[in-house]
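Colleague: Have a look; sequence and predicted model below, questions after that.
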Amino acid sequence: MQFASKIWSAVSGGGSSQPTPAVGDGETAPVVSLSLPLHVERIAALIGHEDRVWSVAWHPTLPLLASCSGDKTVKLWSPSRSSSSESGDVTWALVTTLEGEHQRTVRHVEWSPNGLHLSCSSFDSTVTIWKLDVPSGDEEQTTQLNHISLEVEAVLEGHENEVKCCTWAEGSNDLVATCSRDKTVWVWERADPEEPEFECGGVLSGHSQDVKSVRWLPASVMPSKRRSLLSCSYDGTMKLWEENPKRRDDWHCTQTLTHGELGTVWEAALEPSSSASNSRRICAATEGGALRLWRQNEHGMWAKVGDVSISDRPLFSVDWQGPLVVAASGDNHIAIIHFPTVATSSSSAVVGDGSPLEYEIVGTLTDAHEADVNTVRFAPFVEGATSWTFASAGDDGVVNLWRVSQHNSGAEQQQ
């Protein structure tokens, strides 16, 4: 499928260098000095789902994107052999469709850290874990991806209602957390890494309403250096959970972050680690159309930094890479926000010192989709030092791919 590029800013053109892996949670990223204005280019539209698309997931090492939908399927996409043309268009193709395993909407997809497994969370109250097989040989990567196969290796059953999310622990291919409309978060672990089955290792109860999403926090973020989770809920709170190191099935809530008039917290993103700061922030996407920023104080507790008003409609998704945050809105738009790195030392990383929240909304993709935008995800690679790629998907059933760049090739602006 070929899709003509469209540029959303006054600065156009711009090539990209060879993609390089992004920095993981356990590594420190260099500080990027952002040069404005940015330009944003839609480089592909992936059409094939027959219902709204809820979630997308980039493979950690391969040029492979998974998407899931209300049509009960998961689709995998990859660039075709001729992935670019002189006009700058990008050609992506459907590689395979996973179907027949779920009886209702597939709400969320996520790859394991090693890229060998894909979790699919469904409104049928189950999660399927698929194992990826990529043919080996001398064929070029595109040919290999055209012959991939996936098989269900495990099914996680236990939630009483729709499962909204399944997320893999940092650096682990044997540990996941799930959340559901039944107001709980479950932790699952392989009893034997050599076997496919997962066992429930804890049920976290505390939310009063639907739990919309859950994510693991790196041990380095928490003062205790223990396994930790962050859950987001319809009850207007985020909860931080910590495992008892003496009992692996014992989890407790260490802090509840309330969002008051902003209502439901749909999703949260963690600021990437930076060499200029040892205090990372959490960015929450809320029903009230604002992003709320949280930061740890000197006692290791999270405190509100401030709110960034984006829309008069809900913000359903948020992601953070480098100095940029992307947020998906119910008004069909996508906002791009620049948050400068906050330089701190261990003695000055204190919230509430009177310093204002620094940010700039550097771009708004008006009508990025023809209906609500449900998800945004940065690709796990950066195209040169100052170029980023992200995917979005919405109720229009389309997955769009975007490139954000500071570079200017001198091409004329496209209207």
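Modeller: Structure's in. What do you need? Because the structure is predicted, anything quoted here is derived from the model rather than measured.

Colleague: check which helix or strand covers residue 376.
Modeller: strand 373-382 (DSSP states H and E).

Colleague: packing partners for that strand?
Modeller: The contact analysis (3 or more CB pairs under 8 Å, 6 or more residues apart in numbering; DSSP states H and E) places strand 373-382 against strand 20-21, strand 53-58, strand 315-321, strand 324-329, strand 387-394. Every C-beta, even on glycine, is put in place using the N, C-alpha and C of the backbone.

Colleague: May I have that strand as CSV, with CA atoms only?
Modeller: What follows is strand 373-382, C-alpha atoms only, in CSV (Å, rounded to 0.1, in the frame of the first residue of the first chain):
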residue,chain,number,x,y,z
VAL,A,373,-7.5,8.7,18.2
ASN,A,374,-7.1,5.7,20.6
THR,A,375,-3.4,5.2,20.7
VAL,A,376,0.0,6.7,20.0
ARG,A,377,3.4,4.9,20.2
PHE,A,378,6.9,6.0,19.3
ALA,A,379,9.0,3.5,17.3
PRO,A,380,11.8,1.9,19.4
PHE,A,381,14.4,3.5,17.1
VAL,A,382,15.5,7.0,16.3
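
Colleague: picking that back up, just say which of the helices and strands packed on strand 373-382 is most tucked in.
Modeller: The highest average neighbour count among the helices and strands packed on strand 373-382, using mean count of other CB atoms under 10 Å, belongs to strand 324-329 at a mean of 27.

Colleague: State the next helix or strand along the chain beyond that one.
Modeller: Downstream of strand 324-329, the next assigned helix or strand under DSSP H and E is strand 334-338.

Colleague: Now do that next one: which elements does it pack against?
Modeller: Under the contact definition 3+ CB pairs under 8 Å, 6+ apart, strand 334-338 sits against strand 324-329, strand 360-365.

Colleague: Now do that strand: distance to the chain's middle.
Modeller: Strand 334-338 sits 15 Å away from the centroid of its parent chain (CA atoms, centre = their mean, to the nearest Å).

Colleague: Each with direction, which strands does it pair with?
Modeller: Strand pairing for strand 334-338, determined by DSSP bridges: strand 324-329 (antiparallel), strand 360-365 (antiparallel).

Colleague: So which of these is nearest residue 132?
Modeller: Taking CB to CB, strand 324-329 is the member of the strands paired with strand 334-338 nearest to residue 132, at 26.5 Å.

Colleague: CA atoms of the closest one as PDB?
Modeller: Output in PDB follows, covering the C-alpha atoms of strand 324-329 (Å, rounded to 0.1, in the frame of the first residue of the first chain):
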ATOM      1  CA  LEU A 324       8.900  14.800  23.000                       C
ATOM      2  CA  VAL A 325       5.500  13.700  24.200                       C
ATOM      3  CA  VAL A 326       2.700  12.700  21.900                       C
ATOM      4  CA  ALA A 327      -0.900  12.600  23.100                       C
ATOM      5  CA  ALA A 328      -4.000  11.200  21.400                       C
ATOM      6  CA  SER A 329      -7.300  13.000  21.700                       C
END
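
Colleague: quick one, it and strand 373-382 angle?
Modeller: Angle between the axes of strand 324-329 and strand 373-382 is 160 degrees (criterion: axes from the mean of the first three to the mean of the last three CA atoms, to 10 degrees).

Colleague: List phi and psi for residue 261.
Modeller: Dihedral angles of residue 261 (phi, psi; degrees, to the nearest 10) stand at phi -70, psi -10.

Colleague: What distance do you get for it to residue 74?
Modeller: Going from residue 261 to residue 74 by CB to CB, to the nearest Å gives 36 Å.

Colleague: Between the two, which has more neighbouring residues?
Modeller: Between residue 261 and residue 74, counted using other CB atoms under 10 Å, the more crowded position is residue 74 (26 against 9).

Colleague: Run a quick check on the more buried one versus residue 118, I expect a contact.
Modeller: Yes - the criterion here is CB atoms under 8 Å, and residue 74 meets it with residue 118 at 7.5 Å.

Colleague: How many neighbouring residues does residue 111 have?
Modeller: Using other CB under 10 Å, residue 111 has 24 neighbouring residues.

Colleague: Over to residue 247?
Modeller: 9.

Colleague: Tell me the bridge partners for it.
Modeller: Partner residues in beta bridges with residue 247, using DSSP bridges, are residue 244.

Colleague: which regions of this structure lie under the pLDDT threshold?
Modeller: 1-35, 81-90, 137-143, 274-278, 343-355, 383-385, 407-415 (pLDDT under 70).

Colleague: just the helices in it please.
Modeller: 141-145 (DSSP state H).

Colleague: dump the residue contacts of residue 280.
Modeller: Contacts for residue 280 were tallied using CB atoms under 8 Å, 6 or more residues apart in numbering; they are 221, 270-274, 295-296.

Colleague: how far away is it from residue 266?
Modeller: The value you get for residue 280 to residue 266, if CB to CB is used, is 20 Å.

Colleague: Residue 332 reaches residue 374, doesn't it?
Modeller: No - if you go by CB under 8 Å, residue 332 and residue 374 don't touch, sitting 11.0 Å apart.
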